[in-house]
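In: quick one, fold the following:
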Amino acid sequence: MAANNWVARWKKKAQAARKGGRNANATRAGVSGLIRAPLGRFLIKIAIFIAALPFVLTLVYAVLPPISTPMLARLLTGREVNRIWTPLDAVSPALQRSVIASEDARFCVHGGVDWGALRTQITRLDDGSEIRGASTITMQLAKNLFLWNSRSYIRKGLEIPLAMWIDLVLSKRRVFELYLNIAEWGDGIFGIEAAARHYYNKSADKLTRTEAARLATALPNPILRNPLKLSHRHASHAATIRKRADIGRDLLDCM
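Out: Next up, the predicted model:
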């Protein structure tokens with residue numbers, strides 16, 4: 001009889017222990033879930049905010065002067081930023097035509113992305129040929145405003161929808177005005193007005209056709225290409241761009 005009572009008490013204790021273990025596990029899981037759920041929701045909100053920010057800022061930049069990511073990086077690291085905002089009307093038409101002739105001759109006709117040029121570069125990549133730039137002025141603006149400078153397929157993939165959005169909500173004139181005011185023309189030199197004063201000691205509306213062509217052809221690599229110290233290749237390219245700008249009077253038709 002005593003043995004039976006001992007067995008019954010042991011079974012009750014074992015059942016209680018198992019029940020307690022299940023309750024403890026459930027409690028731990030519940031606490032962990034409560035911790036993870038707010039954190040997960042917070043991270044999702046942060047991701048949505050970051051993804052939406054460029055699209056919202058584009059609307060802001062329709063009326064306000066922007067700051068580019070290279071400019072922001074310099075400011076955050078204590079380096080000088082030389083930028084003098086200037087409206088498009090205060091920029092030499094020769095400079096405007098030269099930049100479009102050099103960087104994006106189809107600026108007035110594409111929707112932010114030159115799909116034909118992009119397909120050509122993809123074909124060259126498949127063939128193992130050297131890749132040349134297919135970035136439009138709008139794509140370069142998207143990169144300078146919201147992305148980073150190093151080459152990568154991820155950046156290019158982000159560049160395309162941003163460029164299409166910029167072209168959708170901003171006029172061509174505003175896109176070009178923003179581009180000319182944040183493009184880098186040397187170490188810490190941003191925008192055409194700062195560049196004109198730095199290299200030629202004059203305002204952007206006083207630039208000659210030769211000066212405009214030299215500044216325009218420095219844009220692909222402004223750190224290495226100095227408009228005052230042209231290599232033979234740079235000088236030849238600048239001369240070609242000057243001729244294109246002279247005959248390309250329709251380059252500014254959309255503005």
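In: make it CA atoms for all contacts and neighbour counts henceforth
Out: Fine.
In: and the residue positioned nearest the centre of the chain, which of the three is it?
Out: Closest to where the C-alpha atoms of the chain average out (Cα atoms, centre = their mean) is Lys143, at 2.0 Å. Under DSSP: H, G, I helix; E, B strand; the rest coil, Lys143 falls in the helix class.
In: ok, it - contacts?
Out: Residues in contact with Lys143 (Cα atoms under 8 Å, 6 or more residues apart in numbering) are Asn149, Arg155, Glu159.
In: so what's the first one up against?
Out: By that I understand Asn149. Lys143.
In: repeat for Val99
Out: Val99 neighbours (Cα under 8 Å, 6+ apart): Ala212, Ala213, Ala216, Thr217.
In: what about the residue lying closest to the third one once chain neighbours are set aside, which helix or strand?
Out: With sequence-adjacent residues excluded and distances taken as Cα to Cα, 6 or more residues apart in numbering, Ala216 is closest to Val99, at 4.8 Å. In this structure, Val99 is located in helix 93-103 according to DSSP states H and E.
In: again with Ala196
Out: helix 192-200.
In: if I look at Ala183, how far off is Glu103?
Out: 12 Å (Cα to Cα, to the nearest Å).
In: hey, where'd the strands end up in this protein?
Out: Under the criterion DSSP state E, the chain carries strands at the ranges 82-83, 184-186, 189-190.
In: in CSV: the contacts of Val99, plus neighbour count and pLDDT.
Out: What follows is the contacts of Val99, written out as CSV (neighbours: other Cα atoms under 10 Å; pLDDT from 0 to 100):
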residue, neighbour count, pLDDT
Ala212, 27, 97
Ala213, 30, 97
Ala216, 27, 96
Thr217, 27, 94
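In: between the residues you listed, which is nearest Ala51?
Out: Ala216 (32.3 Å; Cα to Cα).
In: that closest one against Ser98, yeah?
Out: Yes - at 5.9 Å, Ala216 counts as touching Ser98 under the criterion of Cα atoms under 8 Å.
In: just to revisit the earlier point, tell me the angle of the helix holding Val99 relative to helix 192-200?
Out: Interaxial angle of helix 93-103 relative to helix 192-200 (axes from the mean of the first three to the mean of the last three Cα atoms, to 10 degrees): 100 degrees.
In: run through this protein and note the low-pLDDT ranges.
Out: Counting by pLDDT under 70, the chain shows low-confidence ranges at 1-37, 124-133.
In: go with 50
Out: Low-confidence segments of the chain, defined by pLDDT under 50: 2-3, 6-7, 10, 14, 17, 21-24, 26-27, 29-31, 34-35.
In: show me where it has helices.
Out: 2-60, 69-76, 93-103, 115-126, 137-146, 153-169, 172-182, 192-200, 209-216, 232-247 (DSSP state H).
In: and of the ones you listed, who's closest to Arg225?
Out: Per Cα to Cα, nearest to Arg225 of the helices of the chain: helix 232-247, 7.7 Å.
In: mind listing what Lys206 touches?
Out: By Cα under 8 Å, 6+ apart, the neighbours of Lys206 are Val91, Ser92.
In: for it, give its distance to Asn226.
Out: Taking Cα to Cα, one finds Lys206 at 19 Å from Asn226.
In: same thing with Arg106?
Out: 26 Å.
In: same thing with Tyr153?
Out: Distance from Tyr153 to Asn226, counting by Cα to Cα: 29 Å.
In: next: Arg233.
Out: Between Arg233 and Asn226 the distance, using Cα to Cα, works out to 12 Å.
In: quick one, which of those two is more surrounded?
Out: Shown here are Arg233 and Asn226; by other Cα atoms under 10 Å, Asn226 has more neighbours (19 against 9).
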